[in-house]
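A.B. asks: Structure here, sequence nowhere to be found:
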């Protein structure tokens, strides 16, 4: 990505300036992930600070993800209409305020409100970064650019695991969370000063990669157009397959790193916090490494999308079952390491969902389609976070039973992927042919 790529007519050229601008957007996402995952290393501390049980503790993450998931379609519409810079700026203000409020919250109720505010701001980041990549880089770079964004986001998770967890024990809750809030102010300044939505800094409509229907071309900008844009995006099988791929692949790693990994490793497996933190770090490092591999594979072999997604789900389910169902009271270290490495594949696999939605939708509704896809994994994560918390309280902290709830959503999502994949492939092929015919007959 260091040099301009060979591009089609009207496509952005990429190059060094594109990398510089995109890097600012990704830095916002990086900070948002630090704030989002900060509770994952502070879960036990939060339980002691607010004197809550497992169900109440899971409510922190559930509420945060509920807000995040619920905001995805509205954010997608906002990004399509207002542009990346404005939406990212609003998001930074909200997630920084949420992190600061969480640091200073004296009660459980106020802390919940702070996490909801953080989730609202966090919801505005990733879709904006995806759109930024679509506007600054040629389409053939899309899968790799998206995977790189996810990889850098995982770096934010790594900061939470390595840095914030240490600060919590060295300087305490308030100082650690207040200090981390400064990162939000830094990216706010960078965004206001240097971020640009498009090459040239102005709105330059991209030629549709897929032809619009007559209803899409004639639609205005009122409420009907908003609902119609959502309906048009959902009508595409590629959007729906993307949602279910994201739904099925993302949540095992999300629930493990966001909240329940540390308690599981410490309470159920008898590991020290230090060792558990190292295993969580391994999960993040695995995700960062595999993200590069998946991005390269999909960029070169488009047909690999479904095998990679389905294979990731199958391997994750098998290793998860082995870890929680091991005959002895605790699983051996080699199996826990295998589990953490395998969970690292889930984040990169979830990015495949956007690679189904991207070619199914024209540029003017990419944000909306991405919002629909992004709802998938976070809805699944929210559901399993709640299920695990309730089952732990109901069974006296039996992690084997609680963690088995993961298989239910994996089975549901896998069924939907297999049901829709052929329809999505046929539709994508038909629209690609129609787009080529339209381009061939367009006036020079």
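C.D. replies: That came through, no problem. No experiment lies behind these values; they were computed from the predicted model shown.

A.B. asks: Show me which helix or strand of the protein is least confident by mean pLDDT.
C.D. replies: In the chain, no helix or strand scores lower on mean pLDDT, DSSP states H and E than helix 214-218, which sits at a mean of 48.

A.B. asks: Spatially, what comes nearest to residue 350 if we skip its sequence neighbours?
C.D. replies: In space, and not counting its chain neighbours, residue 350 is closest to residue 250: 3.6 Å by CB to CB, 6 or more residues apart in numbering. Heads up, the C-betas are built off the backbone N, CA and C, glycines and all.

A.B. asks: so who does the one you found touch?
C.D. replies: Listed by CB atoms under 8 Å, 6 or more residues apart in numbering, the contact set of residue 250 reads 346, 347, 349, 350, 376, 377, 378, 380, 381.

A.B. asks: cool, residue 183 as well?
C.D. replies: Applying CB under 8 Å, 6+ apart, we find residue 183 in contact with 31, 34.

A.B. asks: Now it: which helix or strand?
C.D. replies: If you go by DSSP states H and E, residue 183 is part of helix 173-194.

A.B. asks: cool, residue 297 as well?
C.D. replies: Assigned by DSSP H and E, residue 297 falls in helix 273-300.

A.B. asks: Would you confirm that residue 270 contacts residue 331?
C.D. replies: No. Applying CB atoms under 8 Å as the test, residue 270 and residue 331 come out as separate, 10.2 Å apart.

A.B. asks: Which of those two has more residues huddled nearby?
C.D. replies: Neighbours were counted for residue 270 and for residue 331 using other CB atoms under 10 Å; residue 331 has more, 20 against 11.

A.B. asks: Give me the spatial nearest neighbour of residue 296, chain neighbours excluded.
C.D. replies: residue 144 (6.6 Å).

A.B. asks: For residue 294, see how far away the one you found is.
C.D. replies: 9 Å (CB to CB, to the nearest Å).

A.B. asks: quick one, phi/psi of residue 320?
C.D. replies: Residue 320 adopts backbone torsions of phi -60, psi -40, taken as degrees, to the nearest 10.

A.B. asks: just checking, the residue nearest to residue 296 touches residue 299?
C.D. replies: Yes. Counting by CB under 8 Å, residue 144 touches residue 299, with 4.9 Å between them.

A.B. asks: Please say which of those two ends up with more neighbours.
C.D. replies: Using other CB under 10 Å as the criterion, residue 144 and residue 299 rank with residue 144 on top: 21 against 18.

A.B. asks: State the distance from that one to residue 250.
C.D. replies: Distance, residue 144 to residue 250, by CB to CB: 19 Å.

A.B. asks: Equivalent analysis for residue 226, please.
C.D. replies: The gap separating residue 226 from residue 250 is 27 Å, by CB to CB.

A.B. asks: Would you map the helices across the stretch 301-444 of the chain?
C.D. replies: 305-324, 333-343, 346-357, 366-395, 399-403, 406-440 (DSSP state H, counting those that start in this stretch).

A.B. asks: What residues of the shortest one count as buried?
C.D. replies: Taking 16 or more other CB atoms under 10 Å as the neighbour-count basis, helix 399-403 is seen to contain the buried residues 399, 402, 403.

A.B. asks: Could you export these as TSV, including distance to residue 114 and pLDDT?
C.D. replies: Below are the buried residues of helix 399-403 laid out as TSV (distance: CB to CB, whole Å; pLDDT from 0 to 100):
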residue	distance to residue 114	pLDDT
399	28	95
402	26	96
403	28	97
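
A.B. asks: Just give me the neighbour total for residue 415.
C.D. replies: There are 12 residues near residue 415, going by other CB under 10 Å.

A.B. asks: cool, and residue 300?
C.D. replies: Residue 300: 11 neighbours (other CB under 10 Å).

A.B. asks: which residues sit in contact with it?
C.D. replies: Counting by CB under 8 Å, 6+ apart, there are no residues that residue 300 touches.

A.B. asks: Would you quantify the distance from it to residue 245?
C.D. replies: Distance from residue 300 to residue 245, counting by CB to CB: 19 Å.

A.B. asks: Check residue 315 too.
C.D. replies: On the measure of CB to CB, residue 315 and residue 245 end up 15 Å apart.

A.B. asks: And the residue nearest to residue 296, which helix or strand is it part of?
C.D. replies: Counting by DSSP H and E, residue 144 is part of helix 142-159.

A.B. asks: so where's the stretch 51-200 of the chain shaky on pLDDT?
C.D. replies: Low-confidence segments of the stretch 51-200 of the chain, defined by pLDDT under 70, span residues 200.

A.B. asks: quick one, which of residue 315 and residue 245 is more surrounded?
C.D. replies: residue 245 (35 against 15).

A.B. asks: now the residue nearest to the more buried one when sequence neighbours are not counted: how far from residue 328?
C.D. replies: Leaving out its chain neighbours, the residue that sits closest to residue 245 by CB to CB, 6+ apart is residue 353, at 4.0 Å. Taking CB to CB as the measure, residue 353 falls 37 Å from residue 328.

A.B. asks: So these two - more neighbours on which side?
C.D. replies: Neighbours of residue 353 and residue 328, each counted by other CB under 10 Å, are more numerous for residue 353; the result is 31 against 6.

A.B. asks: ok, so what distance separates that one from residue 127?
C.D. replies: Counting by CB to CB - residue 353 and residue 127 are separated by 13 Å.
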